[in-house]
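**Q** Generate coordinates for the sequence data below:
(chains A and B)
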Amino acid sequence: MTRSTDETTKGIEHRGRPWLRLLPAVLPLAFLLLFYFYPLSSILSLSLAPEGELSLAPLAELIESPRYLRVAWFTTWQAAVSTLLTTALALPAAYVFARYQFPGKSIIQALTTVPFVLPTMVVSMAFTAFLGPRGAVNRVLMALLGLDRPPLDLQHTLAIILLAHVFYNYTLVVRIVGTYWSNINPHLEEAARVLGSGRWQAFRKITLPLLKPAIGAAALLIFIFCFTSFGVILVLGGPRFATLEVAIYRQTVHYLNQPLAAALSLIQIGFTFGLMVAYTRLQSHQRPVERQSRRATQRPPVHLGERAIVWGSLILILALLALPLAALVLRSLTSGAEGFPTLTFYRQLFENPRNSVFYVPPIAAVRNSISFALATTVLSVTLGLMAATVLDGHARRSAQPASPLRRLLDPIFMLPLGTSAVTLGLGYIVTLDEPPLNLRTSPLLIVLAHTLVALPFVVRSVLPALRSIDPRLREAARMLGASPWQIWREIDLPIVARAVLVGAVFAFTVSMGEFGATSLIARPERPTLPVAIYRLMSRPGATNYGQALAMSTLLMLVCAVSFIAIERFRVGEIGAF
Amino acid sequence: MSDSRPLLELRQVHKTYPDGWMLSPLDLTVARGEIVCLLGPSGCGKTTLLRLIAGLEHPDSGEIRVRGESIIGTPPHRRNFGLMFQEYALFPHKDVFDNVAFGLRMAGMGREAIDRRVGQVLDLVGLTGFERRDVNQLSGGERQRVALARSLAPEPKVLMLDEPLGALDRALRQRLMDELWTILRQAEATTITVTHDQEEAFALADRVVLMRAGEIVQTGTPEAVYARPTCAWAARFLGLTNLIQAHVDDATTVETPMGPLTMEESRLADWPPGDSPLLLIRPEAATLGQDGPNVIQATITERSFRGERYHLIVEHPSGLELAFNLSAHRDLPAIDEPITLSLDPSGLMILPPDPQAPVHSQRLS
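**A** Numbering: from 1, shown residues only, chains lettered A, B, ... in the order given. This is a model prediction of the structure:
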């Protein structure tokens, strides 16, 4: 609609420095090209042409092999079951948070999100500490029932995998569906009731159809996350279970079969890209609901039934989300079968028992992780801010529909979120180990991988805030004499500052906990926290296990503190996926 | 010498949108210190015209000049025009002072000068003491004044107000209308304001520009526009609904379904006998009783008391429905009762026949 305006403004204001206008688009794209598409395309060529000639042998090998068909099938159905289970268990909580007001609500709601930001290593450790053979539940049962053997053996079972997936993704349903639900005017359902439909019918005919897009978005996201699940399957599932992601890892690390790993990656990329496209489509179709004031939609539970559902949800949250973490902290602070309180495990983190030059004391991993995380934060915020500005570009020109290029850009910047981190790590190993980009031994490699994983979080945090800016504010500033650059500095930046901060903390947390890519590319002498935890827990002995518990607890605390910071700075629905 | 040229001049400004809506090539001049009001229903193009002048949109063709110099190539932020948006567009992250100071800071004004000027305009709009208030906590009327102060602060060459009172409730609107007029006069601001409310236009403007479907229909002082609408559409828009098909008999008489009516000779000067123009009977033309020249008998169908007057709808036996305002000093017959009225010739006017192909490409402005 304002095409000609654009042409003139471009012509007049950017005649001198057109590159300045392109920079925010070019830098993030160049980054993706170099550190995302290039490694992935190398995987493509490695899987399709391992010896330099086009050969479908690895792919054919895969498709014909019942073993990998089983892996693909398992990957799919465990993701589907996890999604169903999570949605079913979390929907009541979404309802409770959307419609009821009770003491401590905001804290409990915030706590449900903590699991989502926890590293897979922490979650895996927490679940072994909670449900493992010598976990808290078994100890309590043994003491209560006077048994001398643990009655529950959930280690390396499907059940513990599914529980961990529910633990992880519970908050997605509560957040996405709950927020959406709380903005649905309760009068709608009341109107249906007045018109003669029963409570259940009113829910099914009115509320459920309105919730559908939110439930769909949450479910799709959970499916994507579970489909690419790695750490949970590797640690909790043990050798019996393998998703595509785990299979890629094993082929790379244990069997050194890069072409086969690459072929597996290719299949996984195809799947996740399709899912990601579906997700962004679903999101762009999601109509904004009119905001309702809290007071209009929420009230304290009164009837017995209402109280029952509120209490039921809270108890489930406690049992499912809080107890595993409590078990982790508790076990890291106790030693021996009797459970004496001790700080031994924490003290050992600082020790180098063999005084060996090659041995890295575990605390060094903490230092490594923090340095990587800080660098990742700076890089991903810079690139994410640029990318979000470019993606928001079309909203600036009020009535103009998004150009096809921009519509394509949105899912492209989201791609890393759906790409398996292990695949990415494999791609880095394959491509970035030779000139001109010989980064194999550089610590930069980890920062680049983490930035790629963190970038979608930053973009998703900043973009809604940018989009929420009324275009008339920019026009008003313009009419008051502000140049485009001044408008960005005076209007856009201050308004999105908090969202940028949220994105930064997200990036920091993601980097602290990243395991999939790091497990492949981290140098042995420079491990990160999750890598160190995995190494420690893979070694035999109570000391190693205890140290892994202690480190997991530390990592959990870092992530929980970061998360509280996110919650404090978050305004509105920023960063909600 | 330069003062003889109009401050703002639009020549054949034209814009087409992809959906087919267009602003016809139009001319408009605004003199220094003048308050011009663009009046029309939504979709008539008044806001678009404002945005074209502001530079937020660009005309397909035509010239926009300030004191004779073209500003077509000048980006909005270098035009030194002020625009107050419909919902005010106050910066939510800045307080009252920083909102008002924004334009001054962009102009590179020194801190002390900014303090002084912000104090001045806040005083002008009656918001002294509100400097550090959060704009999100202000009432609708206060927000409107902050927006006005913000637009006035940099002393724009032309101040544009888009529905300045549109977001306010009726009672507040009445009060602020007079206040706005006083403020604009005191600031001696050359102003273009946009509204769909004729009362607001009449109260504020030196000159009203009546717009419809992307075209200027009529221009003139509020009094002139109201007294002499030039077409049936303008008359209807101004609330003058008694339009009937007439036939010119002789120099002072027109034939209507209600019989012959006597008119002032000057009104029929351009319409020789035999022509069939429209007759406009102004609502204030009727008086009760048969003392006047044009006596008609009708039945009252609606009657509402409006304080100093009655608003009356009567039905003539010919089937015509007419609306009148009658003084409330005399008692009126009840609904469904017959009534005798005489129509003062000064309240009878001739308009060109309604072109039966009204332009209906409407678009929300």
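**Q** From now on I want contacts and neighbour counts done on CA atoms only, so please keep to that.
**A** OK.
**Q** residue contacts, whichever residue of the stretch 351-500 of chain A sits closest to chain B?
**A** Residue nearest to chain B within the stretch 351-500 of chain A: residue A:481 (3.9 Å; CA to the nearest CA). With contact set as CA atoms under 8 Å, 6 or more residues apart in numbering or on different chains, residue A:481 has these partners: B:76-80, B:103, B:106-107.
**Q** where does it land in three-state SS?
**A** coil (DSSP: H, G, I helix; E, B strand; the rest coil).
**Q** what about it, distance to residue B:119?
**A** According to CA to CA, to the nearest Å, residue A:481 and residue B:119 sit 20 Å apart.
**Q** Likewise for residue A:447?
**A** 52 Å.
**Q** Same check on residue A:451?
**A** The value you get for residue A:451 to residue B:119, if CA to CA is used, is 49 Å.
**Q** Likewise for residue A:438?
**A** Separation of residue A:438 from residue B:119 (CA to CA): 62 Å.
**Q** quick one: which of these two has more around it?
**A** Ranked by neighbour count (other CA atoms under 10 Å in any protein chain shown), residue A:438 and residue B:119 place residue B:119 first, with 20 against 12.
**Q** How about the secondary structure of that one?
**A** The three-state label given to residue B:119 by three-state DSSP is helix.
**Q** Could you do residue B:340 as well?
**A** Applying three-state DSSP: residue B:340 is strand.
**Q** Spatially nearest residue to it, not counting backbone neighbours?
**A** Take residue B:340 and drop its neighbours on the chain: the residue closest to it by CA to CA, 6 or more residues apart in numbering or on different chains is residue B:297, 4.7 Å away.
**Q** in a helix, that's where the one you found is, yeah?
**A** No. Residue B:297 is assigned strand when assessed by three-state DSSP, not a helix.
**Q** Just confirm it contacts residue B:339, I think it does.
**A** Yes. Counting by CA atoms under 8 Å, residue B:297 does reach residue B:339; the two are 5.9 Å apart.
**Q** okay, residue 285: pLDDT?
**A** Because you didn't say which chain, this covers chain A. Note for residue A:285: predicted pLDDT of 63.
**Q** ah, I was thinking of chain B
**A** Residue B:285 is assigned 91 on the pLDDT scale.
**Q** ditto for residue A:9
**A** Per-residue pLDDT puts residue A:9 at 36.
**Q** By mean pLDDT, which helix or strand of chain A comes out lowest?
**A** Using mean pLDDT, DSSP states H and E, helix A:3-13 stands out as the lowest-scoring helix or strand of chain A, at a mean of 35.
**Q** Up against chain A, what does chain B have?
**A** Neighbours of chain A within chain B, by CA under 8 Å from any CA of the partner chain: B:17-18, B:54, B:56-58, B:60, B:73, B:75-85, B:89-91, B:93, B:102-103, B:106-107, B:151, B:154.
**Q** Buried ones only from the residues you listed, please, as a PyMOL command.
**A** Of the residues of chain B next to chain A, the buried ones can be selected in PyMOL as follows, counting by 16 or more other CA atoms under 10 Å in any protein chain shown:
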select buried, chain B and resi 54+56+57+58+75+76+77+78+79+80+81+82+83+84+85+89+90+91+102+103+106+107+151+154
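**Q** Return the subset of the residues of chain B next to chain A lying in strands.
**A** With strands taken from DSSP state E, the overlap with the residues of chain B next to chain A comprises B:81-84.
**Q** Spit out the contact partners of residue 234.
**A** Since you didn't name a chain, this refers to chain A. With CA under 8 Å, 6+ apart, residue A:234 has these contacts: A:241-242, A:246.
**Q** should've been chain B
**A** By CA under 8 Å, 6+ apart, the contact set of residue B:234 is B:210, B:217-218.
**Q** By neighbours, which of those wins?
**A** Counting by other CA under 10 Å, top hit in these: residue B:210 with 26 neighbours.
**Q** Now do the SS call for it.
**A** Look at residue B:210: counting by three-state DSSP, its state is strand.
**Q** give me the number of residues near residue B:274?
**A** Residue B:274: 11 neighbours (other CA under 10 Å).
**Q** Could you report the separation of it from residue B:247?
**A** 6 Å.
**Q** need the longest helix for chain B.
**A** Looking across chain B with DSSP state H, the single longest helix is helix B:170-187.
**Q** which element follows that one toward the C-terminus?
**A** Next helix or strand after helix B:170-187 toward the C-terminus (DSSP states H and E): strand B:191-195.
**Q** Taking chain B, what residue is nearest to chain A?
**A** residue B:77 (3.9 Å).
**Q** May I ask you to confirm that that residue is in contact with residue A:484?
**A** No. In this structure, residue B:77 is not within contact of residue A:484 by CA under 8 Å, at 9.0 Å.
**Q** shared neighbours, these two?
**A** Residues touching both residue B:77 and residue A:484 by CA under 8 Å, 6+ apart: residue A:478.
**Q** and the helix or strand in which residue A:59 is found, C-alpha only, in CSV?
**A** In the assignment (DSSP H and E), residue A:59 maps to helix A:57-64. In CSV, the C-alpha atoms belonging to helix A:57-64 read as follows (Å, rounded to 0.1, in the frame of the first residue of the first chain):
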residue,chain,number,x,y,z
ALA,A,57,23.8,-46.9,-0.4
PRO,A,58,23.8,-45.5,3.2
LEU,A,59,20.2,-44.4,2.9
ALA,A,60,19.2,-47.6,1.3
GLU,A,61,21.1,-49.5,4.0
LEU,A,62,19.0,-47.6,6.5
ILE,A,63,15.7,-48.1,4.9
GLU,A,64,16.3,-51.8,4.4
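**Q** contact partners of it?
**A** Counting contacts by CA under 8 Å, 6+ apart, the residues outside helix A:57-64 that touch it are A:47-48, A:68-69, A:259-260, A:263-264.
**Q** Appreciated, that's everything.
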